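[1] Sequence and predicted model, in that order:
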Amino acid sequence: MNRLQQLFNRKAGNILNIYVTAGYPGLHDTESVVLSLAEAGVDIIELGIPYSDPLADGETIQASSQQALANGMGLSLLFKQVARIRLKSQIPIVLMGYFNQMLQYGIPAFIQHCETSGVDGLIIPDLPIEIYQRDYAHLFGASTLSLSFLITPQTPEARIRKMDEASNGFIYMVSVNATTGTETKVSTEYFERIKGMGLKNPRLIGFGIKDSAGYNQACSYADGAIIGSAFIKFIASEGIGKVKDFVGGIRGLE
Amino acid sequence: MQGSVKYTYPADGFYGPFGGAFIPELLQPCVEELRSQYLSIMAEPSFLHQFEALLKDYVGRPTPLYYAHRLSKHYQSHIYLKREDLCHTGAHKVNNTIGQILVAQRLGKQRIIAETGAGQHGVATATVCALMGLECIVYMGEKDIVRQAPNVQRMKMLGAEVRPASSGSKTLKDATNEAIRDWINNPSDTHYIIGSVVGPHPYPDMVSRFQSVISQEILWQLKEKTGNENPTRIIACVGGGSNAAGAYFHYLERESVELISVEAGGMGVHSGKTAATSQIGTQGVIHGSMTLLMQTKDGQIVEPHSISAGLDYPGIGPMHAHLIQSKRAKVVAIEDDHAVKAAFLMAKLEGIIPALESSHALAALDELELKPNDINVINLSGRGDKDLNTFMNHTRHE
């Protein structure tokens, strides 16, 4: 059982997953940002692998990816950074990255280096469930890594069930049908509907959550929330020294 | 219809190992709506009637298949030019935008988005949106907006809004990313008109089918002129590859007909400033499709270079990746200078100023072993008015 699965066994509800782009704002800031988040009581770290063409991401995360790439960030360095974090923290780490990078690294090598460095799970937004099952499930399925799929308010029920079946991490509920960081009104009908499906995987809600109100709303319908763009914006303006303040602001008094 | 064909249609969205729909879940509703309906819409009698009527009366089809006497004499081989440059808006792009706007109408969409590099596809999209009275937003890289100012003006005059793509390298690939993001954020009322045989399935197949009118005409026009439907070879330039897909389509399974795909060599295939995707590219995913693309070993997409904005794309349509890898099509790379020379030769010998893109196909005549009895069909995909500045600046520097 990986650290992510252990977390879900131990804790139900109020799970806070914070996204940060690896190698941002400085090339070697990954470690200190992750450790600060862990100390501040965050439950899961989602580390973004910076990519030149991040289709599902809005402006904020795109800009952070560009900066990380300009800093010289790459997968080999990322695995070294994760391995260093593992000397100090056992917080569950999920990598979020676009499929082409993994393909170029070589899927078997990528999986192996995730495992040896201490990665627990993967989110691959542009690898759809059909292609995953047809061509790649045998590779990822044989690993210790938990794969999580994204669903949206438009995803049909049968497809959600297929993803739930194929996943052993969490269901990433995209709150609105929009790129990351977009502020649109969420549909609580959708949250209720998915809650009522009795999925085997925990559900985390993400995209557009930026404050404690959004976090609390997500936690009332699902097992927790994922915050990305709002955190990137925070460290862009406040630096990486005040990470605890951000987390405190989100969690408030639980 | 799809039975034993090897190259023409994708199976489950794949041409061999290439193609598919590698798209975020957010985009699934849009793409799935199109995928589940495009073939039945395109088979409706009312659709076919409207499409054919517009191609005839609005675009000006059939375009001539012209025997280029002086060029043939120069090369000592028979050369026919498929005159897509005579289409309304000056290039083959409009064949596809007419088809897609009719699909969009039948899907009940009121808002059209498109990406453009040189501006040709943007103009062709703005044109059909004006024709049908639909809202039109064209994404264009910030750098391209500066480089291609006249086409920006044309789009605006046609009523389109041109939105600068300021992310990444600020060129065509980023305009495509921005258009995809727009579609993610506006799934219900918007149709995305992709301009080439790229992107997630079903785009490569749908765009190929709309452009296949080119090879359908070549079949009977060549028969009329030579007594034989089959030429020795068909030569076409390939950026994403829509004009080549159209010129090849009905010949794909006729393996005696050579297919010559001409890529932009830029300053040289190994100069680091090139768009010769199939030669220096490797297999990977770009814009939702598995294909050949120019990338770093880490899988970051590399910015290409070509003197021709229409060939300046780091990927290639999955059909072409398959044709090239299975050796059905042969690739020739033509460098910037050579393409310009070919344009001047054509202008002087035939009184036709070709687009820079098409000039690459013309230049390939120098690279092939042409026999006197060969029948060469070159797809003259566009006219060169838009490139006059480039032609003039280039000669001034020589």
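    Okay, I see it. What you see is a predicted model, and the numbers here were worked out from it, not measured in a lab. Numbers count the residues shown, from 1 in each chain, chains lettered A, B, ... in the order given.
[2] Could you use CA atoms for every contact and neighbour count after this?
    Fine.
[3] Next to chain B, which bits of the stretch 101-250 of chain A? Give me the list.
    Within the stretch 101-250 of chain A, the positions lying close to chain B (Cα under 8 Å from any Cα of the partner chain) are A:101-105, A:125-128, A:131, A:150-152, A:154-155, A:177-179.
[4] ok, now with 6 Å
    A:Q101, A:Q104, A:P125, A:D126, A:L127, A:N177, A:A178 (Cα under 6 Å from any Cα of the partner chain).
[5] mind checking how far the fourth one is from B:G195?
    Which is A:D126. Here A:D126 is placed at a distance of 21 Å from B:G195 (Cα to Cα, to the nearest Å).
[6] swap in the third one?
    In this view, A:P125 and B:G195 are 24 Å apart by Cα to Cα.
[7] Equivalent analysis for the fifth one, please.
    Separation of A:L127 from B:G195 (Cα to Cα): 24 Å.
[8] If we look just around chain A, which residues of chain B are in range?
    B:F22, B:I23, B:P24, B:L26, B:N177, B:I184, B:N185, B:G284, B:V285, B:D298, B:G299, B:Q300.
[9] Please pick the buried ones from those residues.
    Applying a neighbour-count criterion of 16 or more other Cα atoms under 10 Å in any protein chain shown, the buried members of the residues of chain B next to chain A are B:F22, B:I23, B:P24, B:L26, B:N177, B:I184, B:N185, B:G284, B:V285, B:D298, B:G299, B:Q300.
[10] So the residue lying closest to the second one once chain neighbours are set aside: helix, strand or coil?
    On the basis of Cα to Cα, 6 or more residues apart in numbering or on different chains, the spatially nearest residue to B:I23 that is not a chain neighbour turns out to be A:D126, at 4.5 Å. For A:D126, the assignment made with DSSP: H, G, I helix; E, B strand; the rest coil gives coil.
[11] thinking A:D126 is in contact with B:L27, fair?
    No - in terms of Cα atoms under 6 Å, A:D126 does not count as a neighbour of B:L27; the distance is 9.5 Å.
[12] Three-state assignment for A:L122, please.
    Put simply, A:L122 is strand when judged by three-state DSSP.
[13] pLDDT at the residue nearest to B:I23, what is it?
    Residue-level confidence at A:D126 comes out at 96, pLDDT.
[14] ok, which stretches of the stretch 251-398 of chain B are helices?
    In chain order, the stretch 251-398 of chain B shows helices spanning B:277-280, B:318-325, B:336-350, B:356-363, B:388-396, with DSSP state H, counting those that start in this stretch as the criterion.
[15] For residue 230, give me the pLDDT.
    Assuming you mean chain A. Looking at A:A230, its pLDDT is 96.
[16] sorry, should have said chain B
    Confidence for B:N230, expressed as pLDDT, is 98.
[17] Quick check: the spatially closest residue to A:S143 that is not a sequence neighbour vs chain B, distance?
    Leaving aside its sequence neighbours, A:S143 sits nearest to A:I111 (Cα to Cα, 6+ apart; 7.1 Å). Distance check for A:I111 against chain B: by Cα to the nearest Cα, to the nearest Å, it reads 15 Å.
[18] Now do stretch A:29-46: everything it contacts.
    Defining contact as Cα atoms under 6 Å, 6 or more residues apart in numbering or on different chains, one finds that stretch A:29-46 is touched by A:15-19, A:22-23, A:85, A:92-95, A:244.
[19] taking those one by one, which sit in helices?
    A:I85, A:K244 (DSSP state H).
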